[in-house]
Structures are given as structure tokens and as C-alpha cells.
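*Asks:* Fold the following and give me the result.
(chains A and B)
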Amino acid sequence: GESVGLHLPTLSVQEGDNSIINCAYSNSASDYFIWYKQESGKGPQFIIDIRSNMDKRQGQRVTVLLNKTVKHLSLQIAATQPGDSAVYFCAENKSGANNLFFGTGTRLTVIP
Amino acid sequence: DTGVSQDPRHKITKRGQNVTFRCDPISEHNRLYWYRQTLGQGPEFLTYFQNEAQLEKSRLLSDRFSAERPKGSFSTLEIQRTEQGDSAMYLCASSLGFRDGNQPQHFGDGTRLSIL
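*Replies:* Got it, this is the predicted structure:
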């Protein structure tokens, strides 16, 4: 079946350090992946996306890596700040499908 | 702010009552989605519109749920005869739809429904 899962439910990092949040997916037909950040009481906020024809994409302080061989996705946040504390979700989209499949999320806590 | 807007932000109602939520998507987005999120879980897809046409419904969307997007702009989600299990955050998202390739879905801040 299809599943999007995260290796770690919680992650604590010191302010200024880099964070890496991992995600495994099982559907080899998925060709589009998104990372969202969700703060308490708010909806998921788009961070960065990547298509399956790429293995790396960079944004402002964030990098997403896609390893299709092992069906693994990661989000790297550089110089983590207290404002980065939130739950992070990866989501996948099968080719031709309209909906996103989400995992259960990783809670990132930044220690000042 | 021209993001996705949802109303109300919170709804508390008694079991058995009907509730209706509204979503205003980003103005140029032709695709609109409804998701449900329970505590500690990721959002789960409910239904999808392209313009005014409802093109896909999840098995989660029971007969008590109905969604509309009459003019291809705002959408409403109605739950009839609410049950305890309907308590959740109801999220709306919108995106631009192209024939080739996906575009990111942008979410509103949701309507939190509590059934007493």
C-alpha cells in the first residue's frame, strides 16, 4: 500500500545548528514531494517541493534531497532558529493523482 | 494577505447538529481541496474541485458530508447529523492546475470542529 512515514517523531536541536528531518515513502509511482511546516493552531505552510526528475533542490536556508533508489526524502534546515520550531510533514503525490498523502510529522524543537 | 481563508476558525456544536464551513481560495487558483486533520496526524484528503466540478471524493467522505463550489471560487463543506468522530481540524487548500506537472497546494488555517 501507500505510506509516507517519518523516521523520528521528535527532533531537538541547538539554535544555530543544522537540522535534518527524514521521510520514507513506499509508493514508487510518486513523482512529486512537498515539505510543509505546521505551527500550533495554523494550517500547513508550504516550504519547498521537488519533482522526481531531481535529486536536490535548495531554497532559502532549506534543502530537500530525494533518493529514489531507497525512497527517501530529507529536509535540511541551515542555522536553525527558534522560529523553526514546528511540526514538519512530508507529503507525496502520485503521478496523475490530485491529492497529497501525508505522514504523521516530526516535531522540531529548537533550544535557544 | 491573499492566502487561503477559512471561516469560522472554531465551531463547537452538539452531536446531531448540522455545520457548514466556508473556504475562500487564493483568487487565481482553479483547484480546491478539503482535508481533515486529527491531533497528531497529518492531513487526510477528503475531496477535490477543479473550478466548479467536484472531481474526486475520498472514502472518508461519508454520505453526511457534502461539498460545493458553485461558481468555481469559494467552497463550502457541510456535515449533517454530526457525530463525535467528526471532531477534527478541517483544512482547505488551493493550487494552480496545469495539464503537466503538479503545483504546490497552499493551505488555510482551518476550521476546528468540536462535537459535544
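*Asks:* Tell me how far residue A:19 lies from chain B.
*Replies:* Counting by Cβ to the nearest Cβ, to the nearest Å, the gap from residue A:19 to chain B is 19 Å. C-betas here are computed from N, CA, C, even on glycine.
*Asks:* which ones are touching the closest residue to that residue other than its chain neighbours?
*Replies:* Distance criterion Cβ to Cβ, 6 or more residues apart in numbering or on different chains; nearest residue to residue A:19, sequence neighbours excluded, is residue A:77 at 4.3 Å. Each residue near residue A:77 by Cβ atoms under 8 Å, 6 or more residues apart in numbering or on different chains is listed here: A:18, A:19, A:20, A:21, A:61, A:62, A:84, A:108.
*Asks:* is it fair to say residue A:83 lies in a helix?
*Replies:* Yes: assessed with DSSP: H, G, I helix; E, B strand; the rest coil, residue A:83 lies in a helix.
*Asks:* Near chain B, which residues of chain A? Just list them.
*Replies:* When proximity is defined as Cβ under 8 Å from any Cβ of the partner chain, chain A approaches chain B at A:4, A:31-32, A:34, A:36, A:41-46, A:49, A:51, A:89, A:91, A:93, A:98-105.
*Asks:* Where strands are concerned, which of the residues you listed count?
*Replies:* Within those, residues falling in strands by DSSP state E are A:4, A:31-32, A:34, A:36, A:45-46, A:49, A:51, A:89, A:91, A:93, A:101-102.
*Asks:* Now residue B:20. Nearest residue, chain neighbours left out?
*Replies:* residue B:78 (4.6 Å).
*Asks:* can you give me how far the strand or helix carrying that neighbour is from the chain middle?
*Replies:* Taking DSSP states H and E as the criterion, residue B:78 maps to strand B:75-79. Strand B:75-79 sits 7 Å away from the centroid of its parent chain (Cα atoms, centre = their mean, to the nearest Å).
*Asks:* returning to what we had before: so what's the residue nearest to residue A:19 bridging to?
*Replies:* When bridges are called by DSSP bridges, residue A:77 pairs up with residue A:19, residue A:62.
*Asks:* Mind checking the pLDDT average for stretch B:63-74?
*Replies:* Across stretch B:63-74, pLDDT averages out at 94.
*Asks:* Stretch A:56-68 too?
*Replies:* 96.
*Asks:* Pull out the buried residues from that stretch.
*Replies:* A:62, A:63, A:64, A:65, A:66 (16 or more other Cβ atoms under 10 Å in any protein chain shown).
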